[in-house]
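1. Sequence plus predicted model, see below.
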Amino acid sequence: MTNLPATLSSLNAQISAVTERLAPARDEHVSEAIRSLLSAGLSLPGGMNLEKAPDVYAFALSKVSATGVKKATAKLVRGEYELKNRAFIPTPPEFADLARRETRELVDDVARLKAHRDALTTHPVVHDEASRAKVRQLLKNFRAAHEASKSKNADVTQPMTDDRAEYWRSIMSLKDADAVTEEQKQFRRRIERRVSDTEATASLNDRSAA
């Protein structure tokens, strides 16, 4: 049984957890990353001032997640990127690009979770009780229609008196509907035969009486 509130709560918790991991990097995250790279023996790009480097990198990475910065830093230290010169720290734009790549999977996860949540809230799952009520109503309608059909067909088996024959003649004189089912046609033919038999019997009785 699907518990919609519990499912939505779980999805919201997952979205919050992943979103936290995508929180933007702060200046201290960037400064720590640069210090780690320098400590690992990498050099700043040529012509970059050492004192201004933290501010420049902080600006370039201001809209990149701290998670991405940390992952990119670790991979740079381990030499896992195919760079032209692994002896140098990537330029600020290059570093930002590497860090964004490291969080693409997280961004996709958030989008997937939100899409799932939105689908549930836009087209909510029908509760089991509502489904059962709908089935009960359909069954009730079917039984009522079935009983009505039985009652109508039973009418054919009743004795065809003169009054009933007159009643059915008046019914058959009416114009058929535009759409008549085969079952309705068969019913009409049975009535016609019984009315005809009744008329024939009445005619014989009249002759005998004469």
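-> Alright, I've got the coordinates.

2. Tell me which stretches of the chain form strands.
-> For the chain, no strands are identified by DSSP state E.

3. quick one, helices of it?
-> 4-21, 27-39, 53-60, 66-78, 92-101, 104-122, 128-157, 162-172, 182-209 (DSSP state H).

4. Now Leu42. Its backbone dihedrals?
-> The phi/psi pair for Leu42 (degrees, to the nearest 10) reads phi -80, psi 150.

5. and it, what is it in contact with?
-> Leu76, Val77, Arg86, Ala87, Phe88, Ile89 (C-beta atoms under 8 Å, 6 or more residues apart in numbering). Just so you know, the C-beta spots here come from the backbone N, C-alpha and C atoms, and that holds for glycine as well.

6. I'd say the last one and Ile34 touch.
-> Yes. Using C-beta atoms under 8 Å, Ile89 and Ile34 qualify as a contacting pair, with a distance of 7.1 Å.

7. one step back: quick one: buried ones out of the contacts of Leu42?
-> The neighbour count (16 or more other C-beta atoms under 10 Å) marks Leu76, Phe88, Ile89 as buried among those.

8. Distance of Ile89 relative to Asp27?
-> Distance of Ile89 to Asp27, given as C-beta to C-beta, to the nearest Å: 17 Å.

9. before we move on, what about Leu11?
-> The value you get for Leu11 to Asp27, if C-beta to C-beta is used, is 33 Å.
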